[in-house]
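Novice: next comes the sequence, and after it the predicted model I'd like to discuss.
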Amino acid sequence: MAKIFQVSARAGMTRVVEPIARTLLRVGVTPNAVTVAGTLGVVVGSVALGARGHLVAGALVVTFFALTDLLDGTMARMRGGSSRFGAFLDSSMDRVSDGAVFGAVAYWLATQDDLVGVAAALICLVAGGLVSYVKARAEGLGMTCNVGIAERTERLLIVGVGGLLTGLGLSWALVTALWLLAAVSLFTVGQRMTHVYRQAQRTELGVDA
């Protein structure tokens, strides 16, 4: 699911993103500035709109600013590759954005006395952090971890669609999307831990990973 979405959807966005990236670089905007601006947009959309129950507007604003993940990455490649600090900043800002999105969703559901939905949102928040942490920790130990059915883009897409449909009148859509996301996120954590375990075992046995 993750790889299919990334290859098809991101490839389709290239023609739109690249001209914008070139223009921003030409006027002196840096990839890091785009990363921070995108994060601020997601936080504002989540807190000012999503947490107050404006789900359609919140989903649209968050989705728009979340697409800066494609833009800053394209800009970095055009400049010859991401810097070490740029990669660190991008990953850190992703965690801020995720916290804002799922924190806002959990808050709004709590105001609706939907404790089942709150539980799902909190599981998504924790599991999403684990998905990213497991990969980062594995790579820090010199292993690869490019597996999983629910990477960050897919997680935001699922909760965004759920919020949009609930805002349009399908009251069950957001909570359903959250439980679906919780399940695939936990499954992805298991996938990645299993993948890293197998690499570690091969390394300990003296076999190339």
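Specialist: Noted; the coordinates are in hand. Since we're looking at a predicted model, the values are computed, not measured.

Novice: so where is this structure shaky, pLDDT-wise?
Specialist: Along the chain, the parts satisfying pLDDT under 70 run over 1-14, 206-209.

Novice: from the contact counts, what lies against the longest helix belonging to it?
Specialist: For the chain, the helix with the greatest residue count under DSSP state H is helix 173-204. In terms of contacts (3 or more Cβ pairs under 8 Å, 6 or more residues apart in numbering; DSSP states H and E), helix 173-204 is packed against helix 84-111, helix 115-140, helix 152-167. For every residue, glycine as well, the C-beta is placed using N, CA and C.

Novice: list the buried ones in the shortest one?
Specialist: Pointing back at helix 152-167 there. For helix 152-167, the buried set under the neighbour-count rule, 16 or more other Cβ atoms under 10 Å, comprises 152-160, 162-167.

Novice: need the residues that contact it.
Specialist: For helix 152-167, contacts defined as Cβ atoms under 8 Å, 6 or more residues apart in numbering pick out 1-2, 5-6, 50, 54-60, 62-63, 66, 69, 94, 98, 101-102, 105, 124, 128, 131-132, 150, 172-178, 180-181, 184-185.

Novice: leaving out chain neighbours, which residue sits closest to Gly148?
Specialist: Using Cβ to Cβ, 6 or more residues apart in numbering and skipping residues adjacent in sequence, the residue nearest Gly148 is Thr188, 3.9 Å away.
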